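Asks: quick one, what's the 3D model for this:
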Amino acid sequence: MIKNFKWLLLVSLAFVACNNDDDNDTPAEIPVTPGTAVFTKYVALGDSFAAGYSDGALFIKGQSNAYSNILSQQFVAAGGGTFTTPLMNDNIGGLLFAGNVVAGPRLYFNGVGPVPVTGTPTTEVTTHLAGPFNNLGVPGAKSFHLMAAGYGNVAGVPSGASNPYFARFASSSTTTVLADAVAQAPTFFSLFIGGNDILSYATSGGVGKDQTGNPNPATYGSNDITDPTVFANVYTALITGLTANGAKGVVANLPYVSALPYFTTVPYNPAPLTATLATQLNAGYAVYNGGLQMMVTNGLLTAAEATRRTVKFAAGNNAVVIVDSYLTNLAAYGLPSYRQATKEDFLVLTSRTFIGTLVGGDPTKVNGLSVPLADNWVLSIDEAKEVRTATDAYNLTIKAVADAKGLAFVDTRSVMSQLSNGGVTFGNYNMTATYVTGGAFSLDGIHPSPRGYGLIANIFIDAINAKYSSTLRHVDLGVYPIQYPAIIQ
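Replies: Numbers count the residues shown, from 1 in each chain. The predicted model follows:
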């Protein structure tokens, strides 16, 4: 367990005499106070962000640098109490179930790219931890999972009916995350949830379907977007339960996931071609392009869509060819739904090592060029619109509920925009959303780096101070690294 102990702050003031002038113009430091908030019993609910997931895994050091744990440390000076976390067994990351690896180890940067650390996970899902735990962040959790009875039942892990991380520390096989939070009678809480209600749809390249009009979570596939009405009902119930006994808290909205490095690192036009190769590829698509024009002639396709679907290469960098299910279906006429990507499409991070590979070693079958990328490699413009629409709806709910309950509100969408457009400056540092070097995100391209989690903690502190007139202090982001090494001491 991570435990925070109250610090004894020793402040010594050194005065330097200049020209026999003993005056001290340094402003007095504002003492830390809780304002109208009570931090005695703090619980954190959420997903992998609250848990401290980073570099594609959950591990001890990452958990210690979770924004929730950092917040608890800052609460100590304002009366905060012990904050416990269901720690993993090691800094390798990953999980075992009945001795079998079900989640791999964390990534580190070896100078060329991200690679898994050496070692086998030692954290066994079936080894139950005794709680209660203040940190109730559960990697993979969607909003409605926090109210799902049995989400921590270890028997349901193999089938995917329950969550392996929650199964390690749930108070019983039938409890809910919300119930385990409320049972602790919190005086203060944080809730940062909803990212996974969209994320799995986006990271799968939109493989799944938008659930608008199908509001029953029991029928959702793992990649489906949670219906905004379901989200609104669930979110309202979560806050109602957490505030029933007078607890105050802080909640956060959601950024557009398409702004994460997982979607912005691989350009839409990563294929450098010589004139000779471009000519060869154009010859290969000649029949397809001719078929599009025939469809226009026959009135089955507009000229505008035919132009959009036409595949054409030239010397220099070229856009990849993708399968787009949102195009007019011409399969009955022998024409697939191909087009070249544009800057409004998002190639997922994993495509960077797939584009340009050969199918079966055949040099004429190049993925992304002569062989179009399947849907799972690309979040298309239409899929990205679905993600933004759902995010906007979720955020309206979060803000409305926060206002109605008088809670502190964190605008993470605005901060994500800053990171993507010039960055966030502090001291001599500038932190951006650039993959690997930007400092805000870990090597999985989705979850924050240690410094990124520190930034989240600071913006939560700003919101808490503004709402409750507390005087919590920021953490120094400079002490948090932007990457974890291969071996964590």
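Asks: switch to C-alpha atoms for all contacts and neighbour counts from now on
Replies: Will do.
Asks: next SSE after the longest helix seen in the chain?
Replies: Under DSSP state H, the helix in the chain containing the largest number of residues is helix 381-405. Downstream of helix 381-405, the first helix or strand assigned by DSSP states H and E is strand 408-410.
Asks: what are the buried residues along the next helix or strand after that next one?
Replies: For strand 408-410, the following helix or strand on the C-terminal side (DSSP H and E) is helix 412-420. Neighbour counts over helix 412-420 (16 or more other C-alpha atoms under 10 Å) mark T412, R413, V415, M416, S417, Q418, L419, S420 as buried.
Asks: quick one, helix 412-420 and helix 381-405 angle?
Replies: Relative orientation of helix 412-420 versus helix 381-405 (axes from the mean of the first three to the mean of the last three C-alpha atoms, to 10 degrees): 130 degrees.
Asks: chain center to helix 412-420, what's the gap?
Replies: Distance of helix 412-420 from its chain centroid, counting by C-alpha atoms, centre = their mean, to the nearest Å, is 13 Å.
Asks: give me the contacts around that helix.
Replies: Under the criterion C-alpha atoms under 8 Å, 6 or more residues apart in numbering, residues A252, N253, L254, P255, Y256, A259, V424, M431, T432, A433, T434, A440 lie in contact with helix 412-420.
Asks: need those residues in a markdown table (columns: secondary structure).
Replies: Below are the contacts of helix 412-420 laid out as a markdown table (DSSP: H, G, I helix; E, B strand; the rest coil):
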| residue | secondary structure |
| --- | --- |
| A252 | strand |
| N253 | coil |
| L254 | coil |
| P255 | coil |
| Y256 | coil |
| A259 | helix |
| V424 | strand |
| M431 | strand |
| T432 | strand |
| A433 | coil |
| T434 | coil |
| A440 | coil |
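Asks: who wins for most neighbours among those residues?
Replies: A440 (32 neighbours; other C-alpha atoms under 10 Å).
Asks: doesn't P481 make contact with that one?
Replies: No. Using C-alpha atoms under 8 Å, A440 makes no contact with P481, being 9.8 Å away.
Asks: rewinding a little: can I get the contacts of helix 412-420 in CSV with pLDDT and distance to G361?
Replies: Formatted as CSV, the contacts of helix 412-420 follow (pLDDT from 0 to 100; distance: C-alpha to C-alpha, whole Å):
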residue, pLDDT, distance to G361
A252, 98, 48
N253, 98, 46
L254, 98, 43
P255, 96, 41
Y256, 95, 38
A259, 96, 34
V424, 95, 45
M431, 96, 41
T432, 97, 39
A433, 97, 36
T434, 97, 33
A440, 97, 38
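Asks: quick one: which two of these are the most distant?
Replies: Greatest spatial distance in the contacts of helix 412-420: A252 and T434, 22.6 Å, computed using C-alpha to C-alpha.
Asks: tell me how far H447 lies from F263.
Replies: Distance, H447 to F263, using C-alpha to C-alpha, to the nearest Å: 13 Å.
Asks: go on, S72?
Replies: 32 Å.
Asks: again, but for T364
Replies: Where F263 is concerned, T364 sits at a distance of 28 Å (C-alpha to C-alpha).
Asks: so for those two, which sits in the more crowded spot?
Replies: F263 (25 against 14).
Asks: residues contacting the more buried one?
Replies: Counting by C-alpha under 8 Å, 6+ apart, F263 has contacts V257, F346, L347, V348, L349.
Asks: try 7 Å this time
Replies: F346, L347, V348, L349 (C-alpha atoms under 7 Å, 6 or more residues apart in numbering).
Asks: now do V366
Replies: Contacts of V366 by C-alpha under 7 Å, 6+ apart are G356, T357, L358, V359.
Asks: one more pass at 6 Å, please.
Replies: G356, T357, L358 (C-alpha atoms under 6 Å, 6 or more residues apart in numbering).
Asks: can you put those residues in a markdown table and add neighbour count?
Replies: Formatted as a markdown table, these follow (neighbours: other C-alpha atoms under 10 Å):
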| residue | neighbour count |
| --- | --- |
| G356 | 19 |
| T357 | 16 |
| L358 | 16 |
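Asks: quick check, nearest of those residues to T174?
Replies: T357 (47.0 Å).
Asks: distance of that closest one from G438?
Replies: From T357 to G438 the distance is 28 Å (C-alpha to C-alpha).
Asks: look at the nearest residue to S370 once chain neighbours are set aside and report its pLDDT.
Replies: In space, and not counting its chain neighbours, S370 is closest to L281: 6.5 Å by C-alpha to C-alpha, 6 or more residues apart in numbering. Note on L281: pLDDT of 97.
Asks: what helix or strand is L281 on?
Replies: helix 275-284.
Asks: what does A306 give?
Replies: Going by DSSP H and E, A306 is part of helix 303-309.
Asks: contact partners of the helix or strand following that helix?
Replies: Sequence order places strand 316-318 as the next helix or strand after helix 303-309, per DSSP H and E. Here strand 316-318 makes contact (C-alpha under 6 Å, 6+ apart) with N269, A271, P272, L273.
Asks: and the helices in the chain, which stretches?
Replies: 48-51, 60-64, 67-76, 164-167, 177-182, 196-203, 228-243, 261-264, 275-284, 286-297, 303-309, 381-405, 412-420, 450-468.
Asks: can you put these in JSON lines and add distance to T342?
Replies: Output for the helices of the chain, formatted as JSON lines (distance: least, C-alpha to C-alpha, whole Å):
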{"stretch": "helix 48-51", "distance to T342": "31"}
{"stretch": "helix 60-64", "distance to T342": "36"}
{"stretch": "helix 67-76", "distance to T342": "36"}
{"stretch": "helix 164-167", "distance to T342": "38"}
{"stretch": "helix 177-182", "distance to T342": "42"}
{"stretch": "helix 196-203", "distance to T342": "17"}
{"stretch": "helix 228-243", "distance to T342": "29"}
{"stretch": "helix 261-264", "distance to T342": "13"}
{"stretch": "helix 275-284", "distance to T342": "18"}
{"stretch": "helix 286-297", "distance to T342": "18"}
{"stretch": "helix 303-309", "distance to T342": "10"}
{"stretch": "helix 381-405", "distance to T342": "9"}
{"stretch": "helix 412-420", "distance to T342": "19"}
{"stretch": "helix 450-468", "distance to T342": "30"}
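Asks: right, and the ones you listed - which one's nearest M147?
Replies: helix 177-182 (5.9 Å).
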